[in-house]
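Peer 1: sequence below, structure please.
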Amino acid sequence: MSDKITNELQELLKANVVTEETAKKIRQYFNEKQEGSQNRLSSVFGILGAILVGLGIILVFAHNWDNLSRLTKILLSFLPLIIGQLFCGYSLLKKSESPAWRESSGVILFFAVGSSIALIAQVYNISGDLNSFLMIWMLLCLPLVYLLKSSIVSLLYLTGITYYGCNANYFTYPTAHSYYYWLLLLGIAPHYYELLKTKANSNFTLFHHWFIALSLIICLGTIAHKNGNSIALSYMSLFTIFYFIGQTPFFEVQKLKNNSFLIFGKLGILYLLLLYSFKWFWDKSIYDTTSVSETFFSLEFIIALLLTFLAALLFYKKNSQTNFKEISVLELVFLTNILFFIPGYEFSIIANGIVLAIGISEIKRGSKLNHLGILNFGLILISILVTCRFFDTNLSFVIRGILFITIGLGFFLTNYLMLKKRNRNEK
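Peer 2: Predicted structure coming up:
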């Protein structure tokens, strides 16, 4: 606790403003706050130091590797692994209460496992592909998350399995296709649940929200195989699920920058709606298989159906509490999945109308809450919609110019009126 707070606390005690018991609680609060800040700082520097040391060792080995004998190469291949295990053992036995030690040693061993696998494979010319290497590396390091209770290893694991999912399905498609990513993702679920229960407001939990949401968005497309055109249905439902998760009581009290699910959900829904607003998007049907029955029994369609059902359940759970009186347009957008099953029609006009309605509702909400950010978000959304139509229609340049001038004036007038209203209320 700083000297300034201590002196002020003494003055309050002398003036009988606070009791000795209250002063003791205040001292304890600031001491715990200061200790927590120091622990976080130690963890950050410890993790950075571990990463730099690991990378430095790899670079030294790589530079002199060809000049070493096979025995030396083998010994050096296992050396990082031994060092990492010693650090982890010391952390568990002597420093189990120190997050800095647990996180740093976990990072060292995580990279040591990967480097040892690669080096031994190189020494003995063991054949293999990147997918196998990544899977073995991640599976060997998964226990570290639970043994060391290491959240940074968990984040590295999420990064590794996401890259594995991309490499096994996007980068090498169609020669390779794998669904193991989803099983690997389940491996981290207990740790994430524990973070939500015990450290709901920690930075590591915040990073997990972002990493997990982003990983799911990136790898959901890996399920697309024979009927890839239906993947849009799955993404619309996934973004809707994210949107409802972001509106749960747990995330509602968070700052917007910490609510990754709400941000990804809302932006994802709007992105897909803007795609729907283009005529070329509807040129492809979800019936991209030899028969309708094959479409309905394809994995892509089944996943889309399950996600849509889950989105409908979350919609009911949220709005049943208010007797369905506070339903927003965004919450109903996932129902546009039905449009895909009506062949021969283009729904670009409907998509344009939905985006316009959302933009107007955001402007109204921003005006009602006296929030410039929300108001300008609605204006930006309408501007993006008009810009899309600029490249998608045959309107004359005069009409297009008038539209942009109108939107520009709208930006100016709405912001001016709101600022004027604020100044008037302050007076």
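Peer 1: buried residues, the helix or strand residue 349 falls within. List them.
Peer 2: Using DSSP states H and E, residue 349 sits in helix 348-369. Buried residues in helix 348-369, counted by 16 or more other C-beta atoms under 10 Å: 348, 351-352, 354-355, 358-359, 362-363, 366-367. (C-beta placed from N, C-alpha, C; glycine too.)
Peer 1: need the CA coordinates for that helix. PDB is fine.
Peer 2: Extracted C-alpha coordinates of helix 348-369, given in PDB (Å, rounded to 0.1, in the frame of the first residue of the first chain):
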ATOM      1  CA  SER A 348     -31.300 -10.200 -51.700                       C
ATOM      2  CA  ILE A 349     -34.100  -7.600 -51.300                       C
ATOM      3  CA  ILE A 350     -35.200  -9.100 -48.000                       C
ATOM      4  CA  ALA A 351     -31.600  -9.100 -46.800                       C
ATOM      5  CA  ASN A 352     -31.300  -5.400 -47.800                       C
ATOM      6  CA  GLY A 353     -34.500  -4.600 -45.800                       C
ATOM      7  CA  ILE A 354     -33.200  -6.500 -42.700                       C
ATOM      8  CA  VAL A 355     -29.900  -4.700 -42.700                       C
ATOM      9  CA  LEU A 356     -31.700  -1.300 -43.200                       C
ATOM     10  CA  ALA A 357     -34.100  -2.200 -40.300                       C
ATOM     11  CA  ILE A 358     -31.100  -3.100 -38.000                       C
ATOM     12  CA  GLY A 359     -29.300   0.200 -38.900                       C
ATOM     13  CA  ILE A 360     -32.400   2.300 -38.200                       C
ATOM     14  CA  SER A 361     -33.100   0.400 -34.900                       C
ATOM     15  CA  GLU A 362     -29.400   1.000 -33.800                       C
ATOM     16  CA  ILE A 363     -29.800   4.700 -34.600                       C
ATOM     17  CA  LYS A 364     -33.000   4.900 -32.500                       C
ATOM     18  CA  ARG A 365     -31.400   3.000 -29.700                       C
ATOM     19  CA  GLY A 366     -28.400   5.200 -29.700                       C
ATOM     20  CA  SER A 367     -30.600   8.300 -29.600                       C
ATOM     21  CA  LYS A 368     -32.700   6.900 -26.800                       C
ATOM     22  CA  LEU A 369     -29.700   6.000 -24.700                       C
END
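Peer 1: let me see the mean pLDDT of the helix or strand following it.
Peer 2: Once the chain leaves helix 348-369, the next helix or strand it forms, by DSSP H and E, is helix 372-392. For helix 372-392, mean pLDDT rounds to 83.
Peer 1: show me what the helix or strand that helix 372-392 is followed by is packed up against.
Peer 2: Going down the chain from helix 372-392, the next helix or strand is helix 397-426, by DSSP H and E. Applying 3 or more C-beta pairs under 8 Å, 6 or more residues apart in numbering; DSSP states H and E, one finds that helix 397-426 contacts helix 348-369, helix 372-392.
Peer 1: need the contact partners of the first one.
Peer 2: Right, the one you point to is helix 348-369. Here helix 348-369 makes contact (C-beta atoms under 8 Å, 6 or more residues apart in numbering) with 270, 273-274, 276-279, 281-282, 328-330, 333, 336, 339, 371-379, 381-382, 385, 389, 414, 418.
Peer 1: can you check the distance spanned by stretch 178-198, start to finish?
Peer 2: With C-alpha to C-alpha, to the nearest Å as the measure, stretch 178-198 spans 34 Å from end to end.
Peer 1: in that stretch, what's buried?
Peer 2: Using 16+ other C-beta under 10 Å as the test for burial, stretch 178-198 gives 178, 180-181, 184-185, 187-188, 191-192, 195.
Peer 1: pull the distance from it to the chain's centre.
Peer 2: Centre-to-centre, stretch 178-198 and its host chain are 14 Å apart (C-alpha atoms, centre = their mean, to the nearest Å).
Peer 1: tell me how many other residues surround the nearest residue to residue 222 once chain neighbours are set aside.
Peer 2: In space, and not counting its chain neighbours, residue 222 is closest to residue 169: 3.9 Å by C-beta to C-beta, 6 or more residues apart in numbering. By other C-beta atoms under 10 Å, 22 other residues sit near residue 169.
Peer 1: surely residue 169 and residue 182 touch.
Peer 2: No. Using C-beta atoms under 8 Å, residue 169 is not in contact with residue 182; the gap is 11.2 Å.
Peer 1: mind checking how far the residue nearest the centre of the chain is from residue 92?
Peer 2: Taking C-alpha atoms, centre = their mean as the criterion, residue 210 is the residue nearest the geometric centre of the chain, at 2.7 Å. As judged by C-beta to C-beta, to the nearest Å, residue 210 and residue 92 stand 29 Å apart.
Peer 1: again, but for residue 183
Peer 2: Using C-beta to C-beta, one gets 27 Å for the distance from residue 183 to residue 92.
Peer 1: residue 225: which element?
Peer 2: Counting by DSSP H and E, residue 225 is found in no helix or strand.
Peer 1: what about it, how many neighbours?
Peer 2: 15.
Peer 1: least confident secondary structure element in the chain?
Peer 2: Every helix and strand in the chain was compared by mean pLDDT, DSSP states H and E; the lowest is helix 20-64, with a mean of 61.
Peer 1: after that one, heading C-terminal, what element do we hit next?
Peer 2: Toward the C-terminal end, the helix or strand that comes next after helix 20-64 (DSSP H and E) is helix 70-93.
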